[in-house]
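Colleague: Below is the structure, and that's it, no one-letter string:
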C-alpha cells in the first residue's frame, strides 16, 4: 500500500511540473502585460517596473528563477497587489474558501444521500421521480441563478437571512453554503440512488430481508455501506471542485475567498498570481484524486489484493 | 514483501467486513457530528439592526467602494477605489472644495505665486501632524517627491509632477541629482516649488495622491525608498496625515479607518469611522443598499435606474462626471483616412437617441472631447446630428449611398455596455449611410495592446480627467502623445497646447486658446465624441455633506450622519 502511494506521488510530480510549464509559457504568450493600463504608462516607468519584477530577463531565465523560488515555497510577489505576496493572498483566502466548501459539502451530503436513498427505495414511483427531478433541476440550475433567487426569497422578501458577507452577521454563511452545496447535492443524490439500486438487488440483501430484518436496518446496516461507494469516489474531485469553483458564489455573496483572485489574475495578467493559483489548485486536485484512489483501493478487495501480491 | 502497516489496515478492514465496526453507524456518527458543526457555525439566523441604524448611532459610514484596492501606497497604486481610501488616510498640500472644486488649504495653510506664476511657495500648517504625532515638514515633501519621481519607484502617475523643473528629466534618468529638481524645503514649514512655466492647475494637483507626502522614517523602516512591495502600508505600520487612520484591512472583505486624533482639523471631522467594502458585484451592492447594509453605493445597475428615478424622495443621485466616451479613429487606415468619411460617421450618430434608449438617460451627448463646464470652460459645438450632410460628405469621399464601401470594423473591450453602444452605432451608420460595419470585441489586455499599437480602424475609448482642466483632455492629442492612439498630428495644435496656452495671462485668454485648439481637433475629427459620463450613486437619506461634483470627489471630512431617517417606503 505504501509503495502504491509512493508511486502515485512520484507520478503526480511530473504532472504538476507540466502544469507549471504550460501555464508559465501560455500566460506569457497572451497579448498585453501586467503593467498595461488604459492611461498609457511612460516607457521609463514601465522599464523600472519590469526590472523590479525580473520581467527584463530572458524568458527561460525567468522560468528557472521561478522554479527556484517555487522549490523554496515562494510564489513571488503579486503584480496587481503591490506589497502583497501570492503566498499571503492565497493563505488569506484559503480558510474562507475551505470553510465555505466544507459547509457546502456537508449540506450536499445530508441532502444528497437522504434524497438518493429515499428515491432508491421505491424506484419508478413518485417517491423516486420527485427527488430525482429536483436533483436534475439542481444540476442544471447554475449558481449565478440560484444564488440571487435565494437572496430574493430569503433575504429580501422574507427578510430571514443576511444577503452578503462572511462571518459579519449571524447567519450570513447559510445562503452561500446552500447555493454552492445544492449542485453537488444533486449529483450525490443521483450517485447514491444508482449505487443503492445496484446493491438492493443483490442476493445478500434478499437474504437479510429473508431473515426478517426490518427494512430500515436492511438499508442502514447492509445496503448503505456498498451503496455509497460511488459517492466516496466522487468526493475527491468534488472537494477540489468546491475549492476551485466557488468563484461565482464568492462574487454573489461578497465572500473574501480564493475564487475571485483565481479568475481575476488572468484578466489582470498577474503572472505570479496566475501561476500561484494554478499550481496550488492543481496540486490540490492531484492530492484529492490520490486520496480517493487510495480509499477506493482500500475498499476494493480485488485492487488491494493486487497491491499485496505481485502488484507493482 | 509485506509492510507492517498493511497488516493493520487489513485488520481494520476485516473488522468492518465482520461488522465488529458498523459502517452505517460510523457514517451516521460522522453525519451528525458534521451537521452539528454546520449548525453551530452557521448559528442562529435573525434580523438584528442594520448597518445603517447602528452606523448612524455610532458615527460609522458604510461605504461601497468598487473593488479591493491594489494597495494603499500613494506613489505605487492607481485607481478610483484606491483614491477614496488614500484620500481618507492622507491629505495633500491643498484639497479641493467638494462643491466648487477650487483648491483650499490642506497641509499648506496658504500659498503664494511669484515670478509670473512660475514659482509657488507653500506655507505648511505647523499643526499638520502625522498620525504618530510628528509634524509634517517641508522636507517630508521633498523626500516624498523624490520617491514619486525616482525612476526605480515606477510610479505610473509620476507625470503629475512634470510641470516641476527637471522632474521629467529626473524620471527619465537625464538628471540624477534630485537637488536639480525644482522643489526645495526652505525651512520646516516652507516649500518652494519652481515650475517650467506657469501652470494654473498645479495647486489642484496637490490633491492627487501621487503628490502626497509619506512618512520617510516609516518607509525606511521596511525597506528602501523606492521599494514598491514593502509592508509599510499595513495596519500597525502605516503612518499617515489625513482625517482618518487605518485600523483594519481584511483582504476582499473590508477596510476600516477611524478618526485621526492628531489631524489638525479634527474638530471638523464628524464621522468616527468609515468602513469601505469592496463591492465588485453591482447587483449585490444595490441589494445591500436596499436592506440598509450600505450608506452609499459606488454605482447603480443600469436596469434599476428608471425605477429609482421615478421614486419619490429617491436616494438615486446622478451628476455630470469629468469623463468622455469616444471612438478613436486610425487616421492612416482607409476608408477613415479621409476626413470627410470621419465627419460623415460623426454626424450620423444620433447621440440624443443613444442616450435616451441604450443609456437610460445616464449620460450627456458629447460633440467634443472636453466635458462641458470644466472649471468654467465650455467646448465649442461644431457639428450636430445631420444625416443629410453626412450622406453628402460620404458621396464626396467616393461612397455615394455606401456604394463601393470597403467595410469598417469597430473594436471594443469585452463588456456588455460597450457592445450595446457599438451595436446601436453600427445600426445608425447602416441605416443613415448605407454602409456595412462589423463589430469586434477583445479581452481587456488584448484590446489595450491593439489600441497602443494603433492596430484598429475604429476603437472605443474613454478618458476620465485626472484634474479639472481642459488641458488634461486636449493634450491627449499632441503629436505622438502616449494616449493619442490615432496618428493625429498637427504642429499648430501642438504649439497651442504646449506653448501658447501655458503662457496665457488670464483664464479667458487661456480658454480662448483651448477653444481654438479644440476647434482644430474637431475639424480634423481623429475621434468621434459620443457622450459625457455621469456619476451615479445611491445615497442613504441619513448621509449629509456628500456633494456631487464633476470629479466625483468626496471629502469624508465633511460627511455627517443624521440618525432617524429611513429609505422611501417603496424600497422596503
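Modeller: It's in. Just so it is clear, the model here is predicted, and its values are computed rather than measured.
Colleague: ok, how many other residues are close to the closest residue to chain B within the stretch 51-200 of chain A?
Modeller: With C-beta to the nearest C-beta as the measure, residue A:171 is the residue of the stretch 51-200 of chain A nearest to chain B, at 3.3 Å. All C-beta atoms are positioned from the backbone trio N, CA, C, and that covers glycine. Applying the criterion other C-beta atoms under 10 Å in any protein chain shown, we find 18 residues in the vicinity of residue A:171.
Colleague: how close does it get to residue A:101?
Modeller: Applying C-beta to C-beta, to the nearest Å, the value for residue A:171 to residue A:101 is 19 Å.
Colleague: Also residue B:316?
Modeller: Computed with C-beta to C-beta, the distance linking residue B:316 and residue A:101 is 38 Å.
Colleague: More neighbours: these two, which one.
Modeller: Set side by side, residue B:316 and residue A:101 give different neighbour counts by other C-beta under 10 Å, the larger being at residue A:101 (26 against 18).
Colleague: Can you list the low-confidence ranges for the stretch 51-200 of chain A?
Modeller: Residues of the stretch 51-200 of chain A meeting the criterion pLDDT under 70: none.
Colleague: Please list the residues of it that sit near chain B.
Modeller: Where proximity means C-beta under 8 Å from any C-beta of the partner chain, the interface of the stretch 51-200 of chain A facing chain B comprises A:51-52, A:77, A:80-85, A:89, A:92-93, A:99, A:103, A:106-107, A:109-110, A:148, A:151, A:155-156, A:159-166, A:169-171, A:173-174, A:177.
Colleague: go again using 6 Å as the cut-off
Modeller: Proximity of the stretch 51-200 of chain A to chain B (C-beta under 6 Å from any C-beta of the partner chain) is limited to residues A:52, A:77, A:80-83, A:92, A:103, A:106, A:160-161, A:163-164, A:170-171, A:173-174.
Colleague: from what I can see the residue of the stretch 51-200 of chain A closest to chain B touches residue A:160, true?
Modeller: No - using C-beta atoms under 6 Å, residue A:171 makes no contact with residue A:160, being 8.0 Å away.
Colleague: For residue B:448, see how far away the residue in the stretch 1-150 of chain A positioned nearest to chain B is.
Modeller: For the stretch 1-150 of chain A, the nearest residue to chain B under the criterion C-beta to the nearest C-beta is residue A:32, separated by 2.8 Å. With the distance defined as C-beta to C-beta, residue A:32 ends up 5 Å from residue B:448.
Colleague: Residue A:188 too?
Modeller: For residue A:188, the distance to residue B:448 equals 44 Å [C-beta to C-beta].
Colleague: between the two, which one's more packed in?
Modeller: Between residue A:188 and residue B:448, counted using other C-beta under 10 Å, the more crowded position is residue A:188 (28 against 20).
Colleague: Hmm, the more buried one is touching residue A:108, no?
Modeller: Yes - shown here, residue A:188 and residue A:108 form a contact pair, counting by C-beta under 6 Å, at 5.5 Å.
Colleague: Phi first, then psi, for residue A:161.
Modeller: Here is the backbone geometry of residue A:161 (degrees, to the nearest 10): phi -130, psi 150.
Colleague: Which residue is the nearest non-sequential neighbour of it?
Modeller: In space, and not counting its chain neighbours, residue A:161 is closest to residue A:154: 4.7 Å by C-beta to C-beta, 6 or more residues apart in numbering or on different chains.
Colleague: Share the number of residues neighbouring that neighbour, please.
Modeller: The number of residues near residue A:154, taken as other C-beta under 10 Å, comes to 19.
Colleague: which SS state does it fall under?
Modeller: Look at residue A:154: counting by DSSP: H, G, I helix; E, B strand; the rest coil, its state is helix.
Colleague: Residue B:393 now?
Modeller: Quick answer, by three-state DSSP: residue B:393 is helix.
Colleague: Look up how far chain A lies from it.
Modeller: Shown here: residue B:393 relative to chain A, a distance of 31 Å by C-beta to the nearest C-beta, to the nearest Å.
Colleague: tell me which parts of the stretch 451-572 of chain B are close to chain A?
Modeller: Of all the residues in the stretch 451-572 of chain B, those in contact range of chain A (C-beta under 6 Å from any C-beta) are B:482-483.
Colleague: so how many other residues sit close to residue B:382?
Modeller: By the measure other C-beta under 10 Å, the count of residues near residue B:382 is 15.
Colleague: just residue B:541 next, same as before
Modeller: Burial measure for residue B:541: 16 neighbouring residues, criterion other C-beta under 10 Å.
Colleague: what sits against it?
Modeller: The neighbourhood of residue B:541, defined by C-beta atoms under 6 Å, 6 or more residues apart in numbering or on different chains, consists of residue B:565.
Colleague: Would you verify that it is located in a strand?
Modeller: No - with three-state DSSP as the criterion, residue B:541 is coil rather than part of a strand.
Colleague: residues contacting the residue of the stretch 451-572 of chain B found nearest chain A?
Modeller: Shortest the stretch 451-572 of chain B-to-chain A distance, computed as C-beta to the nearest C-beta: residue-wise this is residue B:482, at 3.6 Å. Contacts for residue B:482 were tallied using C-beta under 6 Å, 6+ apart; they are residue A:40.
Colleague: Could you check the pLDDT of it?
Modeller: Residue B:482 is assigned a pLDDT of 85 by the prediction.
Colleague: From residue B:472, how far off is residue B:201?
Modeller: 8 Å.
Colleague: Go through the residues of the stretch 51-200 of chain A next to chain B and flag which are in helices.
Modeller: Secondary structure of those is defined by DSSP state H; positions in helices are A:52, A:92, A:103, A:106, A:174.
Colleague: Same list, those residues, but as JSON lines with neighbour count and distance to residue B:54 please.
Modeller: As requested, these are arranged in JSON lines below (neighbours: other C-beta atoms under 10 Å in any protein chain shown; distance: C-beta to C-beta, whole Å):
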{"residue": "A:52", "neighbour count": "19", "distance to residue B:54": "43"}
{"residue": "A:92", "neighbour count": "18", "distance to residue B:54": "26"}
{"residue": "A:103", "neighbour count": "23", "distance to residue B:54": "27"}
{"residue": "A:106", "neighbour count": "22", "distance to residue B:54": "32"}
{"residue": "A:174", "neighbour count": "20", "distance to residue B:54": "21"}
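Colleague: Point out where chain B drops to low pLDDT.
Modeller: Along chain B, segments meeting pLDDT under 70 span B:1-48, B:572.
Colleague: At the geometric centre of it, which residue do we find?
Modeller: For chain B, the residue nearest the mean C-alpha position is residue B:80 (3.3 Å; C-alpha atoms, centre = their mean).
Colleague: Noted, bye for now.
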